[in-house]
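Engineer: pasted the sequence and its predicted model underneath.
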Amino acid sequence: MGSRIKYVVRVVRTVSSLFLAVGLLGIPTQAVASEPVAAAVDIQTAKEALAVKYADFLAGKLDSATMAAAEWAFTDQTGLATFSPMAPSGYAEGPSGLVAQYEAIVLSKVPDGGGGARVLPVQQQPQTKNYYCGPATAVEILQALGHATSTYNQALTQTELARSWWLYTDYYGGTPWFGHPAWSCSDAGNYACYVMRNTLNHWRTGSNDGYYVPRRAPDDSTYTQDLVFDIDRGWPIAGDMYQPANNSTLHLNGHPWDRSLKHWIALAGYRGTGGTETYYADSASSEAVSYGGAVPPYSFYASSRIAAMERAWPFGHIW
């Protein structure tokens, strides 16, 4: 009888583990998807190509009808809307809606003596632990996009996102740019290893594959291209950067430059022709961070320096 009871207990534990594995107890899985999207690599390639076309459009090399046709083709190919609710006119439907959206983008920019400024209403979140910059950044972005709860009905908090089925922050003692304990992460093309990308997509849609994709070690022009593309469409960006010790030009505002620091921030706007300056929310402005009192919650900073810090490790951004 004793051995039979032990067998039943083992079976119950096994079944419980399986329920956990497939998310039947409210835990997200890698397999669940709620929107029709192309493969991750196809989304990445298509989005990069579209951002190049948009840069050409802003430079006067493409007319609005050609740009709209290309953008609608992206939506048709991937199943993804390119404009978030924070875009100037909200969602855009069809090529004619996209043309109207481009006009609204131009009209809504704040004059700054250059190409115009745009800032998204991202609310800075002081990180609740000294290594929670990743969760705080993700909360800032998801909250701005209107996703206070996940597709699994979980409340949006830094503690929740730090767990091992989202950002793995508690597991690693920091949010990795590229890493996952369950997957082989030796190949930069393994999209499952970009936990910030996974989280920003999965929280909203139930699928790791979606609008947000990684950009590793961008040069200056690629960085500003991505920045302007996403901000004009109402999407904040998660930037991961390395601040090398004793380099005052590659440290964010208020961060001590006598030490090396790795840090996530929410990139939420730009100003100047072509986005020469980046507006960001910095969760290090927090009592949980030893130098947090010197860090402003919001700043403008030279985009070339942001890009250089993304390249320094190298890290990058999730856009």
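Structural biologist: Arrived safely, thanks for sending.
Engineer: any chance you could map the strands in the stretch 1-150 of the chain?
Structural biologist: Using DSSP state E, counting those that start in this stretch, the strands of the stretch 1-150 of the chain run over residues 118-119.
Engineer: bridging across strands, which residues link to the residue nearest to Pro111 when sequence neighbours are not counted?
Structural biologist: Excluding its sequence neighbours, the residue lying closest to Pro111 (CB to CB, 6 or more residues apart in numbering) is Ala117, at 7.8 Å. Quick note: C-beta positions are derived from backbone N, CA and C, even for glycine. Counting by DSSP bridges, Ala117 forms beta bridges with Val110.
Engineer: doesn't Ala268 make contact with Ala117?
Structural biologist: No. Contact between Ala117 and Ala268 fails when scored by CB atoms under 8 Å: they sit 11.7 Å apart.
Engineer: picking up where we left off before, now for the residue nearest to Pro111, how many residues are close by?
Structural biologist: Neighbour count for Ala117, taken as other CB atoms under 10 Å: 19.
Engineer: again, but for the one 5 residues further on
Structural biologist: Neighbourhood size, Val122 [other CB under 10 Å]: 22.
Engineer: for it, which non-adjacent residue is spatially closest?
Structural biologist: Ala268 (4.0 Å).
Engineer: hmm, back to that, pLDDT score assigned to the residue nearest to Pro111?
Structural biologist: pLDDT for Ala117: 90.
Engineer: what do you get for Ser34?
Structural biologist: 35.
Engineer: against which helices or strands is the longest strand along the chain packed?
Structural biologist: Identified as the longest strand of the chain according to DSSP state E is strand 261-271. Secondary-structure packing of strand 261-271 (3 or more CB pairs under 8 Å, 6 or more residues apart in numbering; DSSP states H and E): strand 118-119, helix 133-144, helix 220-232, strand 237-243, strand 277-281.
Engineer: next, the angle from it to helix 220-232.
Structural biologist: 70 degrees (axes from the mean of the first three to the mean of the last three CA atoms, to 10 degrees).
Engineer: roughly how far out does strand 261-271 sit from the chain middle?
Structural biologist: Taking CA atoms, centre = their mean, to the nearest Å, one finds the center of strand 261-271 at 10 Å from the center of the full chain.
Engineer: show me what that strand pairs with in its sheet, parallel or antiparallel.
Structural biologist: strand 118-119 (antiparallel), strand 237-243 (antiparallel), strand 277-281 (antiparallel).
Engineer: who touches the second one?
Structural biologist: The list of residues contacting strand 237-243 from outside it, by CB atoms under 8 Å, 6 or more residues apart in numbering, reads 137-138, 141, 175, 177, 196, 200, 212, 226-227, 230-231, 250-252, 255, 257, 260-268, 280, 306, 309-310, 312-319.
Engineer: pLDDT on it, on average?
Structural biologist: The model assigns strand 237-243 a mean pLDDT of 98.
Engineer: from the chain's centre, how far out does that strand sit?
Structural biologist: With CA atoms, centre = their mean, you get 10 Å for strand 237-243.
Engineer: ok, back up a step: between helix 133-144 and the longest strand of the chain, find me the angle.
Structural biologist: Going by the same axes, to 10 degrees, strand 261-271 makes 30 degrees with helix 133-144.
Engineer: element containing Ser286?
Structural biologist: Counting by DSSP states H and E, no helix or strand carries Ser286.
Engineer: how about Pro218?
Structural biologist: Here Pro218 is assigned to no helix or strand, by DSSP H and E.
Engineer: does it touch Arg311 like I think?
Structural biologist: Yes. If you go by CB under 8 Å, Pro218 and Arg311 touch, sitting 7.1 Å apart.
Engineer: between the two, which one's more packed in?
Structural biologist: More neighbours surround Pro218 than the other of Pro218 and Arg311, with 22 against 19 (other CB under 10 Å).
Engineer: what is the burial count for Gly134?
Structural biologist: 30.
Engineer: for it, which non-adjacent residue is closest in space?
Structural biologist: Of all residues not flanking Gly134 in the chain, Thr175 sits nearest, at 2.4 Å (CB to CB, 6+ apart).
Engineer: and if you look at Gly116?
Structural biologist: In space, Gly116 is closest to Lys109, 3.0 Å off (CB to CB, 6+ apart).
Engineer: could you pull up the contacting residues of that neighbour?
Structural biologist: Per CB under 8 Å, 6+ apart, neighbours of Lys109: 115-118.
Engineer: from these, which single one is nearest Glu93?
Structural biologist: Arg118 (21.9 Å; CB to CB).
Engineer: any buried residues in stretch 176-195, and which?
Structural biologist: Burial within stretch 176-195, assessed by neighbour count using 16 or more other CB atoms under 10 Å, is assigned to 176-178, 180, 185, 191, 193-195.
Engineer: next: stretch 74-93.
Structural biologist: For stretch 74-93, the neighbour count (16+ other CB under 10 Å) marks 74-75, 78, 80-84, 86-89, 92 as buried.
Engineer: could you do stretch 98-110 as well?
Structural biologist: For stretch 98-110, by 16+ other CB under 10 Å, it's 98-102, 104-105, 109.
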